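Peer 1: prediction below, plus the sequence it came from.
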Amino acid sequence: MFLVIDAGNTRIKYGCHDGERWLLQCVLEDGRFRFPEGFSPRRVVMSCVAGQKVKDFLLRTVAELGASSEWLSASVERCGLQCGYDDPSSLGPDRWAAALGAWCLTGRSCVVMSAGTATTIDLIRAPGIYDGGCILPGLSMMQDALARGTAMLNFAEGEIALPARNTHDAIHTGCVLAQVGALREVSRMLSPDAPIILTGGAAPSLLSLLGPAVQYRPWLTLEGMLSVARDGARDA
């Protein structure tokens with residue numbers, strides 16, 4: 001059995017796997033992990049970009065389970081994927097987890113967009129090379145920046161509408177179009193024929209403009225971390 005935990009800037013996601021299938025994939029609520037009855041992981045893989053306080057919380061949780069554990073970090077090669085970053089140690093573990101997940105799911109060239117607090121758009125190319133990509137403010141960060149930087153714009157939820165006929169819809173539409181436009185341009189420039197894989201908390205807000213060809217994988221980082229957990233169990 002495997003436990004994988006992805007602590008992002010705004011949410012902690014975790015998954016329990018019995019070696020054949022997922023028993024659970026969910027978002028942490030009320031600061032409490034809820035595991036299936038009888039769940040006893042042999043290996044835990046964790047990723048954290050949320051600071052030391054969250055790391056300490058995760059370490060306490062793992063200590064109670066008594067399982068071997070690993071902090072995910074990018075390396076020159078893992079699970080058949082080579083890291084083409086100039087300095088792999090400087091690549092965020094969340095981006096690496098998403099890349100590993102995309103590679104393990106597709107086994108081919110693809111473009112990966114993770115739409116979270118920040119948005120990352122990365123290229124993976126066959127026969128298994130993570131080529132890097134770009135980072136831009138996430139959807140909520142863009143909207144918040146407009147609200148903070150302009151005295152007359154008070155942020156509220158809007159809807160996609162073009163042309164938008166109220167300020168809230170205009171802000172939301174503009175920020176969504178910026179995210180979608182960045183993805184389309186990166187895809188066009190780097191690998192126009194490669195499939196696009198989308199993940200992240202803001203992903204549902206973008207789907208209506210991206211079309212059915214985009215593969216939405218809400219638990220992509222957990223898939224990548226599961227591949228690492230399995231790899232580590234084989235080496236143990």
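Peer 2: Now that the structure is in, tell me what you want to look at. Numbers count the residues shown, from 1 in each chain.
Peer 1: what about the longest helix in the chain?
Peer 2: helix 167-190 (DSSP state H).
Peer 1: what strand or helix carries Asp131?
Peer 2: Taking DSSP states H and E as the criterion, Asp131 maps to strand 129-137.
Peer 1: from memory Thr10 sits against Gly201, does it?
Peer 2: Yes: taking contacts as Cβ atoms under 8 Å, Thr10 lies within contact range of Gly201: 6.7 Å. Using the backbone N, CA and C atoms, a C-beta is placed for each residue, glycine as well.
Peer 1: and for those two, which residues touch both?
Peer 2: Gly116 (Cβ atoms under 8 Å, 6 or more residues apart in numbering).
Peer 1: neighbour-wise, which of these two wins?
Peer 2: More crowded of Thr10 and Gly201, by other Cβ atoms under 10 Å: Gly201, with 20 against 12.
Peer 1: how much space between the residue nearest to that one when sequence neighbours are not counted and Ala202?
Peer 2: Using Cβ to Cβ, 6 or more residues apart in numbering and skipping the chain neighbours, the partner closest in space to Gly201 is Gly116 (5.5 Å). Separation of Gly116 from Ala202 (Cβ to Cβ, to the nearest Å) stands at 7 Å.
Peer 1: list the residues that contact both of these two?
Peer 2: Gly138.
Peer 1: ends of stretch 38-55, how far apart?
Peer 2: End-to-end span of stretch 38-55 (Cα to Cα, to the nearest Å): 25 Å.
Peer 1: before we move on, back to that, for the residue nearest to Gly201, the count of nearby residues, please.
Peer 2: 23.
Peer 1: what does Gly211 give?
Peer 2: 8.
Peer 1: can you check Met141 too?
Peer 2: With other Cβ under 10 Å as criterion, Met141 counts 17.
Peer 1: again with Gly31
Peer 2: Residues lying near Gly31 (other Cβ under 10 Å) number 7.
Peer 1: which stretches in the protein count as strands?
Peer 2: Using DSSP state E, the strands of the chain run over 2-7, 12-17, 22-27, 43-48, 68-71, 77-78, 81-83, 110-115, 118-125, 129-137, 196-199, 215-216.
Peer 1: for those, give me a markdown table that also has mean neighbour count, mean pLDDT and distance to Leu59.
Peer 2: Compiled in a markdown table, the strands of the chain are given as follows (neighbours: other Cβ atoms under 10 Å; pLDDT from 0 to 100; distance: least, Cβ to Cβ, whole Å):
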| stretch | mean neighbour count | mean pLDDT | distance to Leu59 |
| --- | --- | --- | --- |
| strand 2-7 | 26 | 97 | 11 |
| strand 12-17 | 21 | 98 | 13 |
| strand 22-27 | 15 | 97 | 20 |
| strand 43-48 | 24 | 96 | 8 |
| strand 68-71 | 16 | 93 | 8 |
| strand 77-78 | 17 | 96 | 22 |
| strand 81-83 | 20 | 98 | 26 |
| strand 110-115 | 27 | 98 | 25 |
| strand 118-125 | 22 | 97 | 25 |
| strand 129-137 | 18 | 98 | 28 |
| strand 196-199 | 24 | 98 | 26 |
| strand 215-216 | 16 | 97 | 32 |
